[in-house]
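Peer 1: Need the 3D shape of this:
(one chain, ligands or ions: 1)
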Amino acid sequence: MHSSTNPTASAGGRRPTGPPAVRSGTAGKTPPAALDPAAPPQQSRDAGAPARPSGDDMDPRTERARNLWNRRAARYDLSEALEGPVLRRTREILCAGARGRTLEVAIGTGRNLRHYPPQVELTGIDLSPEMLDRARERADGLGRPVRLVEGDAQRMEFPDRSFETVVSTLSLCAVPDQRRALEEMYRVLVPGGRLLLVDHVEYTRFPATLLERRREHPRRLPREVASEVGFEVGHHDRLLLGLVERVVAHRPT
Ligand SMILES: C[S@@+](CC[C@H](N)C(=O)[O-])C[C@H]1O[C@@H](n2cnc3c(N)ncnc32)[C@H](O)[C@@H]1O
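Peer 2: Next comes the predicted model:
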């Protein structure tokens, strides 16, 4: 895992490298109470456990994902203007809920950077160095300090309990092992820390189910997997005809 703090240069020439309720259709309207930026951050009891070991080896599916996103990086932001008000508003709402040391998992080209409160101490991780290059340019343009790290969401090198907030937008569906990534998000969050998530969900209706089965990484409902790994889901809702799920959860204290 390689990292850099924007706008500093890469090292060695290599890119360093809430509350319960189920509501729906609220995007673009009132932010859910669970995302209230005024809510106090929950503090760590024990920050700073040792980093997990990791090797340079990468499983073939993850390597294919990295190659794919490296290829897509140059074109990725062409679709930004087409994203639509619902997703744009969702990005704003989720990021406004970030507090303290915040990790954005699979930050991509940094589309969320402009939405974070200035006091947030931001780190972004992504598998693709090409996506990170664009995130770095965007952060420089915004004057937004961010530590950018090249690494795999399925085995992050951050110490246990090192972030108060983890954010992930439209990315879990791109990660080969969604459950493993959520386990990692849980691990790096402090007890009481917050998970802010929006993602595409699996197709559950015929004939779209046929497409789902052909996907290399079949998708599941993020909130279900989050619950399985130990998160307490405080809020979830579905947007865009149910194709996208938004989840606010926390690691129990
Ligand atoms: C659809 S893009 C979303 C980017 C960004 N989160 C956004 O909202 O625009 C998916 C991102 O997931 C990243 N990604 C895929 N697998 C990953 C993994 N195992 N670890 C970290 N990032 C990964 C890709 O490199 C890509 O940047």
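Peer 1: what lines up beside the lengthiest strand in the chain in the sheet?
Peer 2: Secondary structure of the chain per DSSP state E: the longest strand is strand 189-200. On the basis of DSSP bridges, the sheet neighbours of strand 189-200 come out as strand 163-169 (parallel), strand 244-250 (antiparallel).
Peer 1: quick one: it near the ligand?
Peer 2: No. Using C-beta under 6 Å from any ligand atom, strand 189-200 never reaches the ligand; the gap is at least 8.2 Å. C-betas here are computed from N, CA, C, even on glycine.
Peer 1: thinking again about what came up before, I'd like the strands paired with strand 189-200 as CSV, with mean pLDDT, mean neighbour count and distance to Glu183 appended.
Peer 2: Shown next, in CSV, are the strands paired with strand 189-200 (pLDDT from 0 to 100; neighbours: other C-beta atoms under 10 Å; distance: least, C-beta to C-beta, whole Å):
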stretch, mean pLDDT, mean neighbour count, distance to Glu183
strand 163-169, 98, 26, 12
strand 244-250, 92, 25, 13
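Peer 1: will you turn these into JSON lines that also has distance to Ala74?
Peer 2: Shown next, in JSON lines, are these (distance: least, C-beta to C-beta, whole Å):
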{"stretch": "strand 163-169", "distance to Ala74": "20"}
{"stretch": "strand 244-250", "distance to Ala74": "25"}
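Peer 1: will you turn those into TSV that also has distance to the ligand?
Peer 2: Below are these laid out as TSV (distance: least, C-beta to the nearest ligand atom, whole Å):
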stretch	distance to the ligand
strand 163-169	4
strand 244-250	11
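Peer 1: How far off centre is stretch 159-178?
Peer 2: Stretch 159-178 sits 4 Å away from the centroid of its parent chain (C-alpha atoms, centre = their mean, to the nearest Å).
Peer 1: okay, how far is it across that stretch, tip to tip?
Peer 2: Terminal residues of stretch 159-178 are spaced 20 Å apart (C-alpha to C-alpha, to the nearest Å).
Peer 1: Equivalent analysis for stretch 118-128, please.
Peer 2: Taking C-alpha to C-alpha, stretch 118-128 runs 26 Å from one end to the other.
Peer 1: In the protein, where's the longest helix?
Peer 2: Ordering each helix of the chain by length in residues (DSSP state H) puts helix 60-76 first.
Peer 1: Check what pLDDT the residue in the chain positioned nearest to the ligand gets.
Peer 2: The minimum distance from the chain to the ligand, using C-beta to the nearest ligand atom, falls at Gly108 (2.5 Å). Here, the pLDDT recorded for Gly108 equals 97.
Peer 1: what about the residue lying closest to it once chain neighbours are set aside, helix or strand, and which?
Peer 2: Counting by C-beta to C-beta, 6 or more residues apart in numbering, Gly108 lies nearest to Met131, which is 4.9 Å off, once chain neighbours are set aside. Per DSSP states H and E, Met131 falls inside helix 129-142.
Peer 1: That'll do, ta.
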